[in-house]
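Peer 1: sequence? don't have it. structure:
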């Protein structure tokens, strides 16, 4: 398994983001609560297994200190193998390398597996922010990243 950087315009990233959006629309039970705002300044990491891109996640800078996780997704056939946790660690390292001291994220209240992943990795609930404020199904989390020694 390899984790590598890909541009937001990469066709495989685009395919995973499209699959994620389809799955979110199905998971929300018709709530129509997902924000599908596309950001072209997101830096993506992908997980490659056997030559196939099986997961993606992005990092967007909100300001000098704060990064935001975007579009975390693992193909269903690859779930339960710890891939999301490894990808999350790689995204945290990327955020740290970019000088961020805080990493935040938004997910849906109807996604218990995602919430479980984030809380088990040290993310704490925070008030809903930014483009998610008016989405009643949004829940947000943040984690303070370790400081350099």
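Peer 2: On my side now, so go ahead. The shown structure was predicted, so the numbers you read here are calculated from the model rather than taken from an experiment.

Peer 1: contacts and neighbour counts: CA atoms only from here.
Peer 2: Will do.

Peer 1: chain center to the lowest-mean-pLDDT helix or strand in the chain: distance?
Peer 2: Every helix and strand of the chain was ranked by mean pLDDT, DSSP states H and E. The lowest is helix 11-27, at a mean of 89. For helix 11-27, the distance from its own C-alpha centre to the chain's C-alpha centre is 12 Å (CA atoms, centre = their mean, to the nearest Å).

Peer 1: got the contact list for it?
Peer 2: Contacting residues not belonging to helix 11-27 are listed as 6-8, 32, 34, 36, 44, 46, 53, 55-56, 71, 73, 75, 110-111 [CA atoms under 8 Å, 6 or more residues apart in numbering].

Peer 1: now swap in stretch 69-79 and tell me
Peer 2: The contact list for stretch 69-79, computed with CA under 8 Å, 6+ apart, reads 16-17, 20, 42, 54-60, 83-84, 91, 103-106.

Peer 1: could you give the mean pLDDT of that stretch?
Peer 2: Mean pLDDT, taken over the full extent of stretch 69-79, equals 95.

Peer 1: any idea which element the residue most central in space within the chain lies in?
Peer 2: Residue closest to the mean C-alpha point of the chain, counted by CA atoms, centre = their mean, is residue 72 at 3.2 Å. If you go by DSSP states H and E, residue 72 is part of strand 66-74.

Peer 1: which helices and strands sit right next to the following helix or strand past that strand?
Peer 2: Past strand 66-74, heading to the C-terminal end, the next element that is a helix or strand (DSSP H and E) is helix 83-97. Helix 83-97 makes packing contacts with strand 43-49, strand 52-61, strand 66-74 when contacts are defined by 3 or more CA pairs under 8 Å, 6 or more residues apart in numbering; DSSP states H and E.
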